[in-house]
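Participant: give me a model of this one.
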Amino acid sequence: MLFDCCTTIVLSKITSTYSMISNNSRNSILAILFAGVISIAVVSPLKAAYAHTFSGGESAAFLALVKILQADLDQVQSNVASNATLAQDHANAVAEHLDANTTKELAERNKLVTNDLTKSISDLNQTVQSKPALDVVKGKISNINSLLQEAITVRVEKNQLSNSTVKGQAVSDIVDEVLERYREAYGIEEGKSTAGHNSIVNVADYQSAQAIAAKAQEMFNEAKQLIPANESSSTTITKVGSDLSTLKNDIDTKLPYDRVATFANSTITPDLKAVFKLGSSE
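Facilitator: Next up is the predicted model:
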């Protein structure tokens, strides 16, 4: 619509002035006006591509996803030399979590970063299947981590990166993923009874739950630095830090899933909401 409107105006100007100028001037003026039309055609689609403004919740979800991907990448590196099957499971988890919707949103901001990231993750999956040297895997993971950091800079607005509520929501999102992986580690189907599920049956998911719980602590440390001193007491902030340490320890010691989930839902979630004012704004 913008292009059509502007094009009509430009062409109208061409028509009204064309008969009033000399032959020697026509070529130069037409060239300038034509360049203007081309500029409009180029600029308008670019503006349209950036029309989507991501909400604080969407940015929090993306920040959480990056931490989750990094957790599984760490597990690829930790397992590749000793257990190729587990390394492949974690590499597959990375590829699965960087889904089509996420890459589509990222591509709205930067197609090159999106393409490089998806290709690098695919390459890592293929490499892990061939029993590679540890240094090779380390190099590929380092490259992916660099791309993830670049993805954050192009995908998340600067004001959201410095917003404690956005990063606090990211902590909450990460905790949700911890619970999901821990549930799957025990072989418990979503919404089903936990009865009879007393031992870990999926080692890869258990390792992911441990690693992602550590990433929740990382994100919390980033988020708490953004809270103005006059908005939250040091006691409540310390409480959240203690909550997340307890979560990590409970998973490390393989506490039953229902106890871990109850603690997360009844203690961690309310404490996060209080400290970071979750749900108060987007």
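Participant: which phi and psi does Leu226 have?
Facilitator: phi -90, psi -10 (degrees, to the nearest 10).
Participant: can you count the residues close to the closest residue to it other than its chain neighbours?
Facilitator: Counting by CB to CB, 6 or more residues apart in numbering, Leu226 lies nearest to Ser164, which is 3.8 Å off, once chain neighbours are set aside. C-beta here means a position set from N, CA and C on the backbone, and glycine is covered the same way. Using other CB atoms under 10 Å, Ser164 is surrounded by 19 other residues.
Participant: ok, Ser164 - contacts?
Facilitator: With contact set as CB atoms under 8 Å, 6 or more residues apart in numbering, Ser164 has these partners: Ala223, Lys224, Leu226, Ile227, Phe276.
Participant: let's see if you can find the most crowded of these.
Facilitator: Phe276 (29 neighbours).
Participant: just list the residues touching the closest residue to that residue other than its chain neighbours, thanks.
Facilitator: Once flanking residues are discounted, Phe276 sits nearest to Gly168: 2.5 Å by CB to CB, 6+ apart. Gly168 is in contact with Ala60, Ala223, Leu272, Val275, Phe276, Lys277, Leu278, counting by CB under 8 Å, 6+ apart.
Participant: residue nearest the centroid of this protein?
Facilitator: By CA atoms, centre = their mean, the chain has its centre lying nearest to Phe62, at 2.5 Å.
Participant: that one - nearest residue in space that isn't next to it in sequence?
Facilitator: Nearest non-adjacent residue to Phe62 (CB to CB, 6+ apart): Arg155, at 5.6 Å.
Participant: same thing with Thr102?
Facilitator: Nearest one to Thr102, counting by CB to CB, 6+ apart, is Leu65 at 6.6 Å.
Participant: Three-state assignment for that neighbour, please.
Facilitator: helix (DSSP: H, G, I helix; E, B strand; the rest coil).
Participant: residues contacting Phe54?
Facilitator: Phe54 neighbours (CB under 8 Å, 6+ apart): Phe62, Glu105, Arg155, Val156, Glu157, Gln160.
Participant: relative to Lys192, how far out is it?
Facilitator: Computed as CB to CB, to the nearest Å, the Phe54 to Lys192 distance reads 34 Å.
Participant: what of Ser162?
Facilitator: Taken as CB to CB, the span from Ser162 to Lys192 is 41 Å.
Participant: could you do Pro228 as well?
Facilitator: Distance from Pro228 to Lys192, by CB to CB: 43 Å.
Participant: the two: which has the busier surroundings?
Facilitator: Lys192 (10 against 7).
Participant: alright, I will stop here.
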